[in-house]
Structure formats: structure tokens, C-alpha cells
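> quick one: sequence plus predicted model below, questions after.
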Amino acid sequence: AQSVSQHNHHVILSEAASLELGCNYSYGGTVNLFWYVQYPGQHLQLLLKYFSGDPLVKGIKGFEAEFIKSKFSFNLRKPSVQWSDTAEYFCAVNAHSSASKIIFGSGTRLSIRP
Amino acid sequence: NAGVMQNPRHLVRRRGQEARLRCSPMKGHSHVYWYRQLPEEGLKFMVYLQKENIIDESGMPKERFSAEFPKEGPSILRIQQVVRGDSAAYFCASSIEMGDTEAFFGQGTRLTVV
């Protein structure tokens, strides 16, 4: 069965700091990987996704993530965060090319000090 | 192109009543997912439906919960005889097809059982 682990439950950073949020998944086959963001009081929006190809994926708002197959990881990064990045971030996975549910991690709450 | 529409946004039910949550997927999308989000927790998968079919209901409680996605009309998540523990935010997502595609989320329905 697929599972997703996000080890950081709450991260607090100052503006302009660099960000890296960890995500590890457990699944023996080929996967699709996602990062979603949920701003306070809003629905989930897709930040970026990996299906195949270049393991370094660039998303919206300056975010990027790197798929490292050998480590089963898909960490989210941003070189310089802004106060508006305050939100909850969810990593998600589903099995490649099949009728597969999307499994989410427990989320990481990011708080940015102005 | 309207996004995923969920209604109502807020629903209050007394213990023992029934709750019906509706989800209209994006135009052209034939796959719907339902998730439950509890405070301080991530999104828990409940059920994955295609029109007139349940593909995966492994996350649905065995009793009181049911879901459908008829040929015409929205997907419905039905909770019978609600209890306080059912209070949560329920999110619906839709995708255009199974496999290598992202899911788009609705605004959610916040159910409060009093």
C-alpha cells in the first residue's frame, strides 16, 4: 500500500530564508508525485507535479521539487520565502498509470515571520 | 470553466440526522475523489468514483457512510445518523481521467455535528 510521510509538522521561517520541506513515500512501483498548498481558509491548489522525465520539477510561485528515486523522496524547495507563503503544504502520491487513489501526507504548516 | 463546486460550504446537523454533501466536478471530468480533513491532520482518502462506478472505497467507514456519482448530476457523500466525530472538512476533487493526471479540489464542506 502507498503511504506518504512528511516529517516536519510545523516550520517557522523569517522572510527571505530558504525553505526545504521533506516528503518520503512508500511504494514499490512507479509513482506520480504532487505538492499541494492550502492557504488559510481556502481549498487545495496544485503547486507542482512529477509524472516522468526531468526529476527537478519547477512549479508556481518559485517553488521546485526534486524526485530522488533511490531515496523515495520528493522534497519541496524555495530559495527565498515570502510572508504570503504562509500556508499548509501537502505532499501526495499515486501509482503511475492506473485507477489509483491519491494518498496525501499529513501536511506541513509553514509560518513566515514578516 | 468553473472549478470543482461543493455545496453547502457549511453544514450543521444534530446528532442522529443525515448529512448530504454535494460535489460537481469540473466540466469534462469523470473521476471524483472524496477526502476528510480533521483539525491538525492531513487529508484522509475516503472514496474514488467514476460515473456510476465506485473504483476504490477502502477509506470509507463501513457503516453510515455512502457515496455515489450518478450518470447525471453531482456526486453525493451521504452520512447517516451523524455523530460528533463526523465533524470535519470534507473535500472533493475531480480529474479528467484515471492515471497520469492531477486532481482539482473544491472549497470543501465544513460539517459540524451538534
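Thanks, I have the structure now. Model, not experiment: these values are computed from the prediction.

> use CA for all of it now, contacts and neighbours both
Noted.

> start and end of stretch B:13-29, how far apart?
30 Å (C-alpha to C-alpha, to the nearest Å).

> residues near residue 5, how many?
Using chain A here. 18 (other C-alpha atoms under 10 Å in any protein chain shown).

> try again with chain B
Residues near residue B:5, counting by other C-alpha under 10 Å, number 19.

> wouldn't it be in contact with residue B:25 here?
Yes. Using C-alpha atoms under 8 Å, residue B:5 makes contact with residue B:25 at a distance of 6.5 Å.

> surely residue A:17 and residue A:85 touch.
No. The criterion here is C-alpha under 8 Å, and residue A:17 misses it with residue A:85 at 11.5 Å.

> these two: who's more crowded?
residue A:85 (16 against 12).

> for residue B:66, what are its contacts?
Contact analysis of residue B:66 by C-alpha atoms under 8 Å, 6 or more residues apart in numbering or on different chains lists B:60, B:77-79.

> ok, then the element right after whichever helix or strand it is part of?
Assigned by DSSP states H and E, residue B:66 belongs to strand B:65-68. Remark: after strand B:65-68, the chain's next helix or strand is strand B:75-79, criterion DSSP H and E.

> grab the nearest non-local neighbour of the residue nearest the centre of chain B.
In chain B, the centroid-proximal residue (C-alpha atoms, centre = their mean) is residue B:34; its distance is 3.6 Å. Leaving aside its chain neighbours, residue B:34 sits nearest to residue B:92 (4.6 Å; criterion: C-alpha to C-alpha, 6 or more residues apart in numbering or on different chains).

> am I right that the one you found is in a strand?
Yes. Counting by DSSP: H, G, I helix; E, B strand; the rest coil, residue B:92 is part of a strand.

> hang on, it packs against residue B:35?
Yes. Under the criterion of C-alpha under 8 Å, residue B:92 makes contact with residue B:35 at 6.3 Å.

> give me the more crowded residue out of the two.
More crowded of residue B:92 and residue B:35, by other C-alpha under 10 Å: residue B:92, with 31 against 23.

> now do that one against residue A:12, distance only.
29 Å.

> and if you look at residue B:74?
40 Å.

> again with residue B:68
Taken as C-alpha to C-alpha, the span from residue B:68 to residue A:12 is 41 Å.

> the two: which is more packed in?
The residue with more neighbours, out of residue B:68 and residue A:12, is residue B:68; 20 against 12, by other C-alpha under 10 Å.

> pull the contacting residues for the more buried one.
Contacts of residue B:68 (C-alpha under 8 Å, 6+ apart): B:49, B:52-54, B:75-77.

> adding pLDDT and distance to chain A, write the residues you listed out as a markdown table.
A markdown table is the format used below for the contacts of residue B:68 (pLDDT from 0 to 100; distance: C-alpha to the nearest C-alpha, whole Å):
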| residue | pLDDT | distance to chain A |
| --- | --- | --- |
| B:49 | 93 | 10 |
| B:52 | 90 | 15 |
| B:53 | 92 | 12 |
| B:54 | 94 | 11 |
| B:75 | 97 | 16 |
| B:76 | 98 | 18 |
| B:77 | 98 | 17 |
